[in-house]
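A.B. asks: predicted model and sequence follow; I will ask about them next.
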Amino acid sequence: MSAGASGAASAVAQDRGSGFFLTASQNHAILFAAGVTEAPAVFAGISGTAGYRDDLRPQALFNNPSFLVVDEQDGSVYVSDSGNHVIRKIQPGTGGRVETLAGVAGTPGAQDGAAASARFNNPQGLALDDARNLWVADAGNHTIRKINLNDRTVSTIAGLAGTPGTTDGTGAEARFKSPAGIAIEPVVSAQQLDLFQQAASNYRLIVADTGNGRIRRVTTAGVVETLATTVSSAITADPPK
């Protein structure tokens with residue numbers, strides 16, 4: 001599957017069937033392909049036109065959209081509109097609209113609270129859990145944020161805005177550097193499944209801490225630990241003999 005004339009895809013997410021949504025970041029558009037062998041077409045935004053506008057999908061404007069995730073509950077698509085510093089929602093259906101879920105376009109910042117007045121700074125990766133929480137790797141702030149879709153509030157779960165670093169810890173004690181990817185940690189055993197079902201709020205997130213070249217694990221309570229570092233980050237000036 002190739003993005004073809006609509007621009008190279010930078011992120012992909014499967015819909016509730018066999019189709020795929022993609023971000024064409026450089027062309028400021030969201031694409032859709034009905035299957036892996038199908039050529040993608042513009043789903044939302046105007047290809048080649050950067051901007052900000054909430055409207056019906058073909059008239060809406062994005063600015064360097066980066067990551068996206070599909071809501072399996074209703075088919076909505078959530079997008080990190082990175083250049084506008086906001087999180088957008090694309091409604092399903094032929095008459096679907098694009099709306100701003102959280103953040104203020106063109107106004108980067110780190111404010112928590114009501115989604116409409118919250119601030120993000122170059123948001124990147126997204127992950128959606130079963131409790132209706134949308135998790136955001138807020139790269140420009142070096143933090144992990146949570147958007148509660150039930151009450152539309154934003155909170156910072158881990159990291160300290162404007163302060164990059166590598167420290168493991170809890171909440172604002174932890175440090176990240178330009179985190180980009182984020183995902184819900186998969187359940188891989190029956191024992192984990194039992195624990196997951198008994199305490200669904202205690203699952204964990206896996207974060208690509210891109211600026212540090214590390215993979216981090218973050219609990220929903222904000223406890224951060226480092227799982228792995230890249231080979232390059234472990235190289236020393238004087239290798240062992």
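C.D. replies: Okay, I see it.
A.B. asks: shaky segments in the protein?
C.D. replies: 1-9, 187-202, 231-241 (pLDDT under 70).
A.B. asks: helices of that one, start to end?
C.D. replies: Assigned by DSSP state H, the helices in the chain fall at 190-198, 231-234.
A.B. asks: Val42 pairs with what?
C.D. replies: Going by DSSP bridges, Val42 is paired in beta bridges with Leu31.
A.B. asks: likewise Arg145?
C.D. replies: Val136, Thr156.
A.B. asks: now do the contacts for it.
C.D. replies: By Cβ atoms under 8 Å, 6 or more residues apart in numbering, the contact set of Arg145 is 112, 120, 123, 135-136, 138, 154-157. Every residue, glycine included, has its C-beta placed from N, CA and C.
A.B. asks: go with 7 Å
C.D. replies: The neighbours of Arg145, taking Cβ atoms under 7 Å, 6 or more residues apart in numbering as the test, are 136, 138, 154-157.
A.B. asks: widest-spaced pair of those residues?
C.D. replies: Maximum pairwise distance among the contacts of Arg145 (Cβ to Cβ): 11.4 Å, between Asp138 and Ser155.
A.B. asks: between the two, which one's more packed in?
C.D. replies: Just comparing Asp138 and Ser155: by other Cβ atoms under 10 Å the higher neighbour count belongs to Asp138, 30 against 14.
A.B. asks: quick check: closest non-adjacent residue to the more buried one.
C.D. replies: Excluding the flanking residues, the one nearest Asp138 by Cβ to Cβ, 6 or more residues apart in numbering is Arg145, at 4.8 Å.
A.B. asks: likewise Val69?
C.D. replies: Nearest to Val69 is Leu126, by Cβ to Cβ, 6+ apart, at 4.4 Å.
A.B. asks: cool, Asp74 as well?
C.D. replies: Asp74's closest residue in space is Pro92 (Cβ to Cβ, 6+ apart), at 6.5 Å.
A.B. asks: wait, the one you found touches Glu72, no?
C.D. replies: No: using Cβ atoms under 7 Å, Pro92 makes no contact with Glu72, being 11.2 Å away.
A.B. asks: one step back: and for the residue nearest to Asp74, the neighbour number?
C.D. replies: 14.
A.B. asks: try Asn27
C.D. replies: Neighbourhood size, Asn27 [other Cβ under 10 Å]: 24.
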